[in-house]
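> Output the structure for:
(2 chains)
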Amino acid sequence: MKSFILLLAFFSFNSITWGITLIGKVPGKYLKLNTSSVLSKIVIEDKLIKSIVKINSQKELNKLAQSNDVIMLNKSGSKSIKSNFDYILPGLIDLHNHTKQNNIGVWSLAKGQFKNRFEWRKWSAYKYSVSGNMNPWISYGKANECAAFRWSEMQAMVIGTTYLQGPSSCIKDFTINQVEDNNSYISKKGKVGAPTDLIYPNEMVFVWNELRPLIKKKGDSYEENGYEKALAFKINEYCDIPGINAENINSPQNLRKLKDKALLKSKCIKKSPLPKKFIRYIYWIHPTIASKKKYLKSEGRSAVIAHLAEGRRDDYYNQKEFELIKLLGLDLPGLNFVHGVGLSTKDFKLMGSKNMGLIWSPFSNLLLYGQTLDIFNAKKNNVTLALGSDWLPTGTRGVLDELKIAAKYIDKDPENRDLKNIFNDEELFKMVTENPAKLINHFENNPNIGEHGIGQITAGAMASFIVTSNLDSNPFTSLVRKTSAKDINLVIANGKPVYGNINYIKKLGFSENQFEYMNHHIDKISDYNLSSIPYLKSSESKEAKYKHLVELASLSKKLKYNIVDNCNFKIPKVLIHQDSFSKNKYVSQFFRDTNMNLDRFEDIRKLIAINILSQTRNLRDSKKGKKKYMLSTFISMYSCDDISYTKRTNGFISSIADKNDEFSINRLPKNVLKLRTESNLGRVPANLEKNYPK
Amino acid sequence: MLRYLILLIVLVSCATHSPQSNRSISSTSQNYSNFDNNDLLNLESLEKVKYTESLIKKTYKEVENRSEPFYFIFKEFYFNSRKKIKKLKVILEKTSSERYVPFELTDNEKRQFLEYITTYNNFNFLNQYLKNSLIVNQPSARTKRNLAVLDFIFSNSYSNIKEEYPKRKLSRMQKKLNLKYKYQSIRYLLSKVEKNIQYFLKTNKDLKLATIVANKIKKSSPTRSWSNYRRLKYLPRHYLYQRLKKKLSNLSLPESGEIEGGDRSFEIVMSVQLSLELIDYLLVNI
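Coordinates of the predicted model:
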């Protein structure tokens, strides 16, 4: 009965109109002031920031402090205007993440040796390092996928991310917001689309070889509506399907015709042989291109995010991907590219003029290719830049960590472009707040028309923000250069407190049974012989896998784990339990079967840990896996508990002209050549080059 | 023994040689028959099976595009053949014949051979469907050459088997085995459909429909009873099956934000649409 009342109280707490008032320092620009920061009162109601007002005097502060509902955001709870108030900043936005594999640490074999993304994806050592550690356990049941996606969410949340892009499922109402989920916004705009690729290198040969000669005018320009004209021409040349022309080829009626396999087979016999990949292209790829164009041209669009030109700047194929975008006529406002390392100044110029954006992931680029995006020319040509963390195997834990790498890259300025003056700390701050919000078309804050912006602290905007320690008089420098996980004191996602320092969480009215401590880390199973834990191969039936997973879950609760706490947070960090449990059928079913609650940090962690430590191919399958690639420890939630990650990210790029940092070593041509020769790399980029002749 | 070892090395290198090579054993029918007469025929049965095993394994490892349905069906054949070859190797240890299927085998041992051949025939049957499909990628030239060699080996093995049984008996046995492996393929392909179906069926109602149809298939093992066989055979006429088929035909490429990018999108769509097409093809021809 007692627990029922508690449960009822918890549900009603989450569903009633929710309001809080916070006092902290806010960057002056949010109050249209020239000062770096100002002490302000922020009122939150439901999912929105109701008001933001500057506090001018101690008297005003004293008056506010009389109310029990007001929370002073400083360590001691002091009511003095002179005390060191925390910063209230917009929640960080990460537009680039692959959320399934963030339980694997940074890939030690990535040393800048690859030419493009297709090369490492095909490399056997990569497959062992990633697939060999993610399989077969990830397919044991939806619960494991849920746990992996929720892990990623928490990993981003503890370093201040409130909007995370990624293909997650099973996360509804868990903690932070998913960029692609329309429920993350109060807006009338369409859903953010985030396919990894828009350009499929194996399929676009048809466009390159058959359509390009028809589309290309003199020089480098392309004919208006050229793609549709060329495709309609080709279809009429080879197929007897009446009524298809450049103007109507993308109409729903004609797209249905092009998706009719039987029709294509019977009618595309006018001439033979058919061009390579012709039918496959019009059947699979063209409808995707047509739907993206329709979306990008629609009034209510938000944006599309896709990987493009990921690889070295001098890789031949990498340089061709933007040309393919132009050939397809996809160079449209609202299309944003992730990586874009192979883009040229000319490409930036066009992108800038068309309001297309870029998501920069320097750590991932420098680890894999030894090079990164030409941010100097991108910025010069008015391309809006945002930061993305990619994924942990070749990236960082979140955009807060990515900011550190970006700042060091800018300080180092390897191409002597005076980057420091162009990308100051405020500019970097914008890359994780305002700019990504603009790229996905959710910066607009106009409550009168039902649009509530993100990436800002403004009345009417979504109440997604973070409270961080005040480590510098400049709030941007404080965040960009000095803030780490220990300084993220409160995270509020769409008005919902999800995580923070226990003192703040208690002040917000949460009691011990509503949150959970996240402090220590478990890195190993300490009391058990791993090989005695049952193992199941991927070929087993769905039912057998689930049964096995249920047994593993039950075992994971009994095991003893090696506990590590290198972070030593002075004030404990806690996760506030949310009401996502009942909203997800997999999570609730799994709870009924195992008593394991995937709303809880501890249960998520134990479930992934037992899988990663005992159920990987590398560890258990001598034929399909390789022991040298197995993971011997479980990844930590916080980077301060992950010594190898901290060492690698901290030492990766030194701001000074140090030739011995990993960044510099990865760039040395003789090192790259040596690694490429040793690993027998080269076939993939060579084949791509062959498929796309000049 | 050394002679056989050298021959084996030559055969393996021939079968996997680059497309430009003049030494390729199957780039022309003339070379192909030369290879047959001069090399493979002289091997003992056991060596022939070992050679076939290595060729199947090599072909499996070399399939480049793993998101394509060709890979799915070859993978199934690879695992089936592995099990059969393991048994055949034990059986053939005691023989010294150069026939594909030695005369001296017992009835049960010959049956093992027939089953082994059926696994290949079943793969070939499915591959015929894919060969005619304009929307799937065809395997590489190298894979096609390997398949030609496998065709040759299995057709010769079958010729040997044919000589061993009266026509009617063989036809009866074969029918049963065909049924067994076709149903096995249906179940295998069904598991592929089930794995990714949520990308295309979003409502509970649709998912329930898929579960009902899947259960109908799972509960109708045709080798168990005549009524099961009939239920399975006539399933394509069932309105629920037809409704599901309509919902899962001519699908669009799904958006995948996963690291494998476009390959993953194709893997998802192929494992649902093409697996279902292959199931349909198997059911119609069961």
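> List phi and psi for whichever residue of the stretch 51-200 of chain B sits closest to chain A.
Nearest residue of the stretch 51-200 of chain B to chain A, counting by CB to the nearest CB: B:Leu134, 3.9 Å away. To be clear about C-beta, it is placed using only N, CA and C from the backbone, and glycine gets the same treatment. Phi and psi for B:Leu134, reported as degrees, to the nearest 10, are phi -90, psi -10.
> Where does A:Ile359 sit, in terms of helix or strand?
Per DSSP states H and E, A:Ile359 falls inside strand A:357-360.
> How about residues contacting that strand?
Here strand A:357-360 makes contact (CB atoms under 8 Å, 6 or more residues apart in numbering or on different chains) with A:95-96, A:303, A:305, A:336-340, A:343, A:351, A:372-373, A:375, A:378, A:383-388, A:406, A:431, A:435-436, A:438-439.
> Which residues of chain B lie near chain A?
Residues of chain B found near chain A (CB under 8 Å from any CB of the partner chain) are B:65, B:79, B:133-137, B:191, B:194-195, B:250, B:252-253, B:255-266, B:269.
> Stretch B:140-148: which residues count as buried?
B:142-143, B:145-148 (16 or more other CB atoms under 10 Å in any protein chain shown).
> Stretch A:330-349 now?
For stretch A:330-349, a neighbour-count test (16+ other CB under 10 Å) marks A:330-343, A:347-349 as buried.
> confidence score at B:Lys216?
Looking at B:Lys216, its pLDDT stands at 96.
> How much space separates it from chain A?
Going from B:Lys216 to chain A by CB to the nearest CB, to the nearest Å gives 17 Å.
> give me phi/psi at that residue?
Per degrees, to the nearest 10, the backbone of B:Lys216 is at phi -60, psi -40.
> what do you get for B:Arg237?
When read as degrees, to the nearest 10, the backbone of B:Arg237 gives phi -90, psi -10.
> Any buried residues in stretch B:231-241, and which?
B:231-232, B:235, B:241.
> Closest one of these to B:Asn156?
Comparing the buried residues of stretch B:231-241 against B:Asn156 with CB to CB picks out B:Leu232 as the nearest, at 32.5 Å.
> And the closest one, what's its pLDDT?
B:Leu232 is assigned 95 on the pLDDT scale.
> Not counting residues beside it along the chain, what's closest to A:Ala437?
Closest residue to A:Ala437 apart from its sequence neighbours, by CB to CB, 6 or more residues apart in numbering or on different chains: A:Gly455 at 3.0 Å.
> For chain B, see how far away that neighbour is.
Using CB to the nearest CB, A:Gly455 is found at 21 Å from chain B.
> Quick check: that residue touching A:Glu444?
No - with contact defined as CB atoms under 8 Å, A:Gly455 does not count as touching A:Glu444 (10.7 Å).
> higher neighbour count, these two?
A direct count of neighbours by other CB atoms under 10 Å in any protein chain shown for A:Gly455 and A:Glu444 places A:Gly455 higher, at 29 against 15.
> you'd agree that one is in a strand?
No - under DSSP: H, G, I helix; E, B strand; the rest coil, A:Gly455 sits outside any strand and is assigned coil.
> Pull the contacting residues for it.
By CB under 8 Å, 6+ apart, A:Gly455 lies in contact with A:90, A:93, A:433-438, A:442-443.
> Could you report the neighbour count for B:Ile135?
B:Ile135 has 21 neighbours, counted by other CB under 10 Å.
> Over to A:Ala125?
For A:Ala125, the tally of surrounding residues (other CB under 10 Å) stands at 16.
> same question, A:Ser83
16.
> Now do the same for it: helix, strand or coil?
Strictly by three-state DSSP, A:Ser83 counts as coil.
> quick one on the thing from earlier: so which of the buried residues of stretch B:231-241 are in helices?
Residues of those located in helices (DSSP state H): B:231-232, B:241.
> Of the residues you listed, which is the nearest to A:Gly495?
Using CB to CB, these come closest to A:Gly495 at B:Tyr241, 47.6 Å.
> Please work out the average pLDDT along the helix or strand B:Phe74 falls within.
Assigned by DSSP H and E, B:Phe74 falls within helix B:69-93. Average pLDDT, helix B:69-93: 96.
> what angle sits between the helix or strand following it and helix B:69-93?
Per DSSP H and E, helix B:69-93 leads on to helix B:107-131 as the next helix or strand towards the C-terminus. Helix B:107-131 runs at 160 degrees relative to helix B:69-93, counting by axes from the mean of the first three to the mean of the last three CA atoms, to 10 degrees.
> So which elements touch the following helix or strand past helix B:107-131?
Once the chain leaves helix B:107-131, the next helix or strand it forms, by DSSP H and E, is helix B:141-162. For helix B:141-162, the elements it packs on are helix B:2-15, helix B:29-38, helix B:45-62, helix B:107-131, judged by 3 or more CB pairs under 8 Å, 6 or more residues apart in numbering or on different chains; DSSP states H and E.
> Mind checking the pLDDT average for helix B:141-162?
Here the average pLDDT along helix B:141-162 is 94.
> Check the ones in helices among the buried residues of stretch B:231-241 against A:Phe465 and report the nearest one.
Out of those, the member with the shortest distance to A:Phe465 (by CB to CB) is B:Tyr241, at 52.4 Å.
> tell me the pLDDT at that closest one?
At B:Tyr241, pLDDT is 97.
> again with B:Asn31
According to the model, B:Asn31 scores 40 on pLDDT.
> and what of B:Thr223?
On the pLDDT scale, B:Thr223 gets 88.
> Spatially nearest residue to it (excluding sequence neighbours)?
Setting aside the residues directly before and after it, B:Thr223 is nearest to B:Lys180 in space (CB to CB, 6+ apart), at 5.4 Å.
> Show me what counts as buried in the host helix or strand of the one you found.
Per DSSP H and E, B:Lys180 falls inside helix B:167-196. Using 16+ other CB under 10 Å as the test for burial, helix B:167-196 gives B:170, B:173-174, B:177-186, B:188-196.
> that older thread, if we check chain B, which of the buried residues of stretch A:330-349 are in contact?
Counting by CB under 8 Å from any CB, nothing from those sits close to chain B.
> now, which of those lie within helices?
Among these, the ones falling in helices (DSSP H) are A:347-349.
> A:Ile505: which of those residues is nearest?
Distance to A:Ile505 across these (CB to CB) is lowest for A:Phe348, with 44.7 Å.
> how far away is the closest one from chain B?
Noted for A:Phe348: a distance of 23 Å to chain B, by CB to the nearest CB.
> what do you get for A:Thr396?
From A:Thr396 across to chain B, the span is 15 Å (CB to the nearest CB).
> Surely that residue is in contact with A:Leu387?
No - look at A:Thr396 against A:Leu387 with CB under 8 Å: they stay out of range, at 9.5 Å.
> Find the residues that touch each one of the two.
With CB under 8 Å, 6+ apart, A:Thr396 and A:Leu387 have common neighbours A:Glu402.
> I'd like the buried residues of stretch B:231-241 laid out as TSV, including distance to A:Gly226.
Formatted as TSV, the buried residues of stretch B:231-241 follow (distance: CB to CB, whole Å):
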residue	distance to A:Gly226
B:Arg231	54
B:Leu232	51
B:Leu235	48
B:Tyr241	44
